[in-house]
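**Student:** structure for this input, please:
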Amino acid sequence: MQTANASSDEKLLHELTKAVDACRVNYVKYLRPINEASARDDFLKDARLKCPRYKYDKLNEKALGRKRAHIVELMNEIKMRKDLSDDLRNIFLKDLGQSWYYTELISAAHDYNMGVEKANAQKRFKRASDAALGRMHEDTFWSLLRERIASIDTKKLNADDYVIYHEMLALIGVMGRNRKRHYAPNRSLIKKFRQRIHDLLDGIARYIPEDRDSFTPQDGADIINEIIKKELKIPYVAEVDENVLTASVRSSEQKIIMPGGRKGLYSRIELEKLIVHELGVHTIRATSAEVDNLPVSAFSKNGAYSRLTEEGLAKVCEQAIDGKYDDICTVRYLAIGFAQVCKKNFRQSYEILWRMEHLTSGRNKEDCFSIIQRAFRGTGVLPINTDLIYRRGYVLVWRYIEDHINDPSLIKTLFLSGKNDFLEQKRSTLLRMMREDGLID
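**Tutor:** The predicted structure is shown next:
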């Protein structure tokens with residue numbers, strides 16, 4: 001990306017953005033166990049296990065300490081600068097604060113797993129999770145849970161499923177009250193947005209063979225590479241990693257990772273949604289920021305990349321492709337709620353979820369395990385709020401789309417303006433907790 005002809009303000013924004021970006025931490029990499037697949041298999045075979053027997057890489061505590069010190073140093077520099085507006089200063093500080101709490105998640109998980117002051121490590125882990133990833137809304141959890149249970153037609157259950165239904169209710173226990181319903185876009189909005197993204201994302205579908213109904217992760221990687229070669233011509237490559245269970249984009253390596261550790265095949269619609277998510281959103285938004293004639297300000301319009309915005313848009317596109325609002329994010333939200341609101345451990349949460357999904361979506365036990373393990377990522381014991389961001393994000397993105405559905409520049413803003421945070425969220429919880437912890441005044 002060229003900056004030679006940029007204004008002094010844009011050069012400042014560019015340099016600070018680069019410095020803040022350098023402080024980012026891929027916390028998921030640190031919290032992912034090295035025996036993810038084998039621990040899953042052992043857990044599913046042995047009903048006596050309360051949680052999987054996870055193993056983790058040794059943490060380089062000195063390197064992490066240097067990263068944390070650098071984040072604080074850059075925070076102090078930005079707080080003192082006179083050439084930044086208050087809004088821009090807060091944007092950079094929030095981004096750095098989120099990175100700092102990610103390092104705290106890593107440190108606290110390591111201490112908990114190593115048995116170092118476990119009670120204190122547990123408190124630190126929860127606080128970092130709340131600050132960096134947001135908090136569970138109990139009203140939303142109970143509303144989603146009741147809606148999912150109500151979708152089960154008990155009159156049509158056979159004898160075995162009727163037993164499973166009552167086992168599920170007994171495992172959940174007494175349910176709390178919700179004072180309001182959760183947000184959902186209407187079908188008309190979903191249809192209109194589907195039409196708006198038709199030209200941009202529909203070309204993806206034609207690369208998925210019509211004479212097949214199931215696909216391996218390697219099939220998915222091959223299809224993505226064909227799309228990149230024929231349509232996008234960007235320096236990314238898709239490949240399979242046998243050690244991971246979920247797809248992801250590694251922008252620093254210019255790779256799209258397909259989960260070789262995943263059991264089962266992708267259906268056609270599952271693969272289309274995955275490709276739209278990882279390639280159509282994450283990769284396109286990243287590469288659109290790298291063209292020479294794109295203004296520096298578009299690279300990060302508000303000075304900070306927002307995972308809330310990014311993942312929210314990706315999920316909205318999946319829903320538009322699918323033609324309906326309900327999706328995996330609801331189930332992931334419920335999984336975290338079982339752990340946080342209902343105070344269930346890994347085993348209890350899993351036993352509830354597989355029964356619920358057996359009676360509603362038909363998801364198998366392996367998929368339900370993967371959902372629960374995300375809710376306990378890092379320790380297998382302590383709940384983490386990572387997946388809250390997907391539902392929070394797509395609710396905010398749907399509301400933004402609702403307000404701008406007739407705006408001619410909507411598609412450009414969403415996909416072709418770099419990884420900008422078009423939502424411009426204030427993240428008040430993060431700022432408040434940063435003040436409480438003495439990171440900012």
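**Student:** what is the longest helix anywhere in the chain packed up against?
**Tutor:** Longest helix in the chain by number of residues (criterion: DSSP state H): helix 86-114. With contacts taken as 3 or more Cβ pairs under 8 Å, 6 or more residues apart in numbering; DSSP states H and E, helix 86-114 sits against helix 8-21, helix 27-31, helix 61-80, helix 118-133, helix 428-436. Just so you know, the C-beta spots here come from the backbone N, C-alpha and C atoms, and that holds for glycine as well.
**Student:** now the strands for the stretch 151-300 of the chain?
**Tutor:** Listed in chain order, the strands of the stretch 151-300 of the chain (DSSP state E, counting those that start in this stretch) span 214-215, 237-241, 248-250, 255-259, 266-267.
**Student:** lowest average pLDDT across the helices and strands packed on helix 86-114?
**Tutor:** Across those, helix 8-21 has the smallest mean pLDDT, namely a mean of 73.
**Student:** how far does the helix or strand residue 339 falls within sit from its chain's centre?
**Tutor:** Using DSSP states H and E, the secondary-structure element containing residue 339 is helix 328-340. A distance of 13 Å separates the centroid of the chain from that of helix 328-340, by Cα atoms, centre = their mean, to the nearest Å.
**Student:** where does the prediction get shaky in the stretch 251-400 of the chain?
**Tutor:** Residues of the stretch 251-400 of the chain meeting the criterion pLDDT under 70: 288-305, 326-327.
**Student:** re earlier: so which of the strands of the stretch 151-300 of the chain is nearest residue 372?
**Tutor:** Minimum separation from residue 372 across these (Cβ to Cβ) falls at strand 255-259, 16.3 Å.
**Student:** okay, the angle between the closest one and strand 237-241?
**Tutor:** For strand 255-259 against strand 237-241, the angle by axes from the mean of the first three to the mean of the last three Cα atoms, to 10 degrees is 30 degrees.
**Student:** neighbouring contacts of strand 255-259?
**Tutor:** 217-218, 220-221, 224, 236-241, 244-250, 278-279, 283 (Cβ atoms under 8 Å, 6 or more residues apart in numbering).
**Student:** hmm, which of these are the buried ones?
**Tutor:** Buried by 16 or more other Cβ atoms under 10 Å: 217, 220-221, 224, 236, 238-241, 244-249, 278-279, 283, out of the contacts of strand 255-259.
**Student:** confidence score at the residue sitting furthest away from the middle of the chain?
**Tutor:** Ranking residues of the chain by C-alpha distance from their mean position (Cα atoms, centre = their mean) puts residue 159 at the top, at 37.8 Å. Residue 159 is assigned a predicted lDDT (pLDDT) of 97.
**Student:** now do the helices in the stretch 301-441 of the chain.
**Tutor:** Assigned by DSSP state H, counting those that start in this stretch, the helices in the stretch 301-441 of the chain fall at 307-322, 328-340, 346-359, 365-375, 388-404, 410-415, 428-436.
**Student:** closest to residue 84 out of those helices?
**Tutor:** Using Cβ to Cβ, the helices of the stretch 301-441 of the chain put helix 428-436 closest to residue 84, at 16.1 Å.
**Student:** tell me what angle that closest one forms with helix 61-80.
**Tutor:** Using the same axes, to 10 degrees: helix 428-436 against helix 61-80 is 100 degrees.
**Student:** what's helix 428-436 packed up against?
**Tutor:** Helix 428-436 packs on helix 86-114, helix 118-133, going by 3+ Cβ pairs under 8 Å, 6+ apart.
**Student:** how far does it sit from the chain's center?
**Tutor:** Distance of helix 428-436 from the chain centroid (Cα atoms, centre = their mean) equals 21 Å.
**Student:** and the spatially closest residue to residue 414 that is not a sequence neighbour, how many neighbours?
**Tutor:** Once flanking residues are discounted, residue 414 sits nearest to residue 313: 6.0 Å by Cβ to Cβ, 6 or more residues apart in numbering. Neighbours of residue 313 under the rule other Cβ atoms under 10 Å: 27.
**Student:** next one: the one 5 residues further on
**Tutor:** Residue 318 is flanked by 23 other residues according to other Cβ under 10 Å.
**Student:** my guess is it contacts residue 275, does it?
**Tutor:** No - counting by Cβ atoms under 8 Å, residue 318 does not reach residue 275; the two are 10.1 Å apart.
**Student:** which residues are in contact with residue 104?
**Tutor:** By Cβ under 8 Å, 6+ apart, the residues touching residue 104 are 68, 124, 127, 128, 132.
**Student:** now residue 357
**Tutor:** So residue 357 contacts 331, 363, 367, 368 (Cβ under 8 Å, 6+ apart).
**Student:** just the buried ones from the residues you listed?
**Tutor:** Taking 16+ other Cβ under 10 Å as the criterion, what is buried in those is 331, 363, 367, 368.
**Student:** sorry, back to before: deepest in the core, which of the helices and strands packed on helix 428-436 is it.
**Tutor:** With neighbours defined as mean count of other Cβ atoms under 10 Å, these peak in mean count at helix 86-114, which reaches a mean of 22.
**Student:** alright, calling it a day.
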